[in-house]
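In: I need the structure of the sequence given here:
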Amino acid sequence: MGSPLTRIRFARDHWWSQARMSEYIDGDLTARDRERIERHTRDCSECRELLASLQEMVSALATLGRPRESVAGSVLAGVQQRLARGDGERG
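Out: Next comes the predicted model:
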């Protein structure tokens, strides 16, 4: 990997990059920070694999539709409707 300074920079960029992968994917980094991650992932197979897996997960999640209403929400809505109609009153 080269000189001790190069190894120190690599280690520093390794931890820095991993902490900012999500921001990178979301496009929330400055151009300089994006370049830093891109430079590091060219040299680091671990971070390159992490980035690829995060991008794959985000893409897969994007294909999912809107979440359906939960069972608890459906039950609550049904109870509220019955109470509004007075179906729950005892006679």
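
In: wouldn't residue 58 be in contact with residue 25 here?
Out: Yes - contact status for residue 58 versus residue 25: in contact at 5.7 Å, counting by C-beta atoms under 8 Å. C-betas here are computed from N, CA, C, even on glycine.

In: Looking at those two now, which is surrounded by more residues?
Out: Applying other C-beta atoms under 10 Å to residue 58 and residue 25 shows that residue 25 carries more neighbours, namely 16 against 12.

In: Under the pLDDT cut-off, which ranges of the protein? List them.
Out: For the chain, applying pLDDT under 70 flags the ranges 1, 66-69, 87-91.

In: and residue 84, how many neighbours?
Out: Residue 84: 9 neighbours (other C-beta under 10 Å).

In: secondary structure class for it?
Out: Following DSSP: H, G, I helix; E, B strand; the rest coil, residue 84 is assigned to helix.

In: got it, and residue 29?
Out: From three-state DSSP, the assignment for residue 29 is coil.

In: What ranges does the protein have for its helices?
Out: 4-19, 21-26, 31-43, 45-63, 71-85 (DSSP state H).

In: What separation is there between residue 86 and residue 79?
Out: 13 Å (C-beta to C-beta, to the nearest Å).

In: which of these two has more neighbours?
Out: Higher neighbour count among residue 86 and residue 79: residue 79, with 12 against 7, using other C-beta under 10 Å.

In: List the contacts of the residue most central in space within the chain.
Out: Centroid-nearest residue in the chain, with C-alpha atoms, centre = their mean: residue 22, separated by 5.9 Å. For residue 22, the contact set (C-beta atoms under 8 Å, 6 or more residues apart in numbering) comprises residue 54.

In: Could you measure from it over to residue 37?
Out: The gap separating residue 22 from residue 37 is 11 Å, by C-beta to C-beta.

In: what's the answer for residue 12, then?
Out: From residue 12 over to residue 37 the distance is 13 Å, taken as C-beta to C-beta.

In: Just want to know which of these two has more residues nearby.
Out: More neighbours surround residue 37 than the other of residue 12 and residue 37, with 22 against 11 (other C-beta under 10 Å).

In: Touching, the more buried one and residue 18? I think so.
Out: No - if you go by C-beta under 8 Å, residue 37 and residue 18 don't touch, sitting 9.5 Å apart.
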